[in-house]
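In: sequence unavailable; structure follows:
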C-alpha cells in the first residue's frame, strides 16, 4: 500500500482565516514532506520532517506552520495567507529523507481570496 | 544553484507515435526518479534509476540513466491517449543538498 491521504481536497479561505491541511500515511515511512505546486510548474519543496523532527525549511514564510504530531501524521497550519499562496499543496512520504522514493498524496487545492 | 532542466517543454503527438523527454542536471546525481502527473492530478511515482548507464522498461516506457549520472530520458513507444500528462524527473544530487531537485516537466498531449 503506497497511499498517502490528504484532507481537505479543496479549501477556500480568506486572508484573515486560520485553517489546517492534514496528511496521513500508514506505510511506516519516517520522512514526510510538504510541497507547493503552482499551475504548469514542478512541485516546490517547503518542509521536510525526518523522524518527526523538522529537518528542512526552505525559507517558507511564517504564515505557513508545519507540525508533525507523530510518524504517521503531518499538518500544515495556515494563517493570514495571501492570494498568491493559492496553489496545490502536496504531501509526500518516504522511508527516509535521503534519496528514497517519495510517494505523493492527492493534494489540497487552496484558493485564498 | 543546482538545476534540472527538461526538454521539450511541450510535445503534441499523434496516437501511435513515439515520445521522448530528456532530463539534464547541472550536477552529478545519486539517483533520479520519474513521475507522471495527469491533468488535475498529483505526481505518481513511475521509477527510480540508481546505476550509471541503467536502462529499465515498464511495458511501453523505457527509462535510461546516463553514464555520467547527469542526464536521463523517458521514451514512450506507440503513445496512447492514456499517456497524456506532465512527466517530471527529480534528481537527488550526490552533494550540496539533501533534497530532490525537480525538473521543469514535459507536458505531453496525444491526439487521437
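Out: Happy to help now that I have it. Predicted model only: the values in this text are computed from it and were never measured. Numbering: from 1, shown residues only, chains lettered A, B, ... in the order given.

In: going by C-alpha atoms from here, please, whenever you check contacts or count neighbours.
Out: Fine.

In: check contacts around the residue of chain A found nearest chain B.
Out: Closest approach between chain A and chain B, counting by CA to the nearest CA: residue A:106, at 5.3 Å. Going by CA atoms under 8 Å, 6 or more residues apart in numbering or on different chains, residue A:106 touches A:4-6, A:9, A:90-91, B:41-42.

In: now do 10 Å
Out: Residues in contact with residue A:106 (CA atoms under 10 Å, 6 or more residues apart in numbering or on different chains) are A:3-7, A:9, A:23, A:88-92, B:40-44.

In: gap between it and residue A:10?
Out: Distance, residue A:106 to residue A:10, using CA to CA, to the nearest Å: 11 Å.

In: might one say that residue B:40 is in contact with residue A:108?
Out: No: using CA atoms under 10 Å as the test, residue B:40 is too far from residue A:108 to be in contact (11.2 Å).

In: just the pLDDT for the residue nearest to residue B:105 when sequence neighbours are not counted.
Out: Spatially, and ignoring its direct neighbours in sequence, residue B:105 is nearest to residue B:88 (4.5 Å; CA to CA, 6 or more residues apart in numbering or on different chains). Per-residue pLDDT puts residue B:88 at 98.

In: what does the one 3 residues further on give?
Out: Turning to residue B:91, the model gives it a pLDDT of 95.

In: cool, residue B:96 as well?
Out: pLDDT for residue B:96: 79.

In: returning to what we had before: and residue B:40 and residue A:108? which has more neighbours close in?
Out: Taking neighbours as other CA atoms under 10 Å in any protein chain shown, residue B:40 and residue A:108 compare with residue A:108 leading, 22 against 10.

In: wait, isn't the more buried one in contact with residue A:91?
Out: Yes: using CA under 10 Å, residue A:108 makes contact with residue A:91 at a distance of 8.8 Å.

In: mutual contacts of the two, please.
Out: Jointly contacting residue A:108 and residue A:91 under the rule CA under 10 Å, 6+ apart are A:6, A:21-23, A:36, B:42.

In: next, count neighbours for residue A:96.
Out: 17.

In: which residue lies nearest the spatial centre of the chain?
Out: Looking at chain A here, since you left the chain open. residue A:34 (3.0 Å; CA atoms, centre = their mean).

In: should've been chain B
Out: Short answer for chain B (CA atoms, centre = their mean): residue B:89, at 4.0 Å.

In: which helices and strands does the helix or strand hosting it pack with?
Out: Assignment of secondary structure by DSSP states H and E places residue B:89 within strand B:85-93. Applying 3 or more CA pairs under 10 Å, 6 or more residues apart in numbering or on different chains; DSSP states H and E, one finds that strand B:85-93 makes contact with strand B:4-7, strand B:19-25, strand B:29-37, strand B:44-49, strand B:71-76, strand B:101-102, strand B:106-111.
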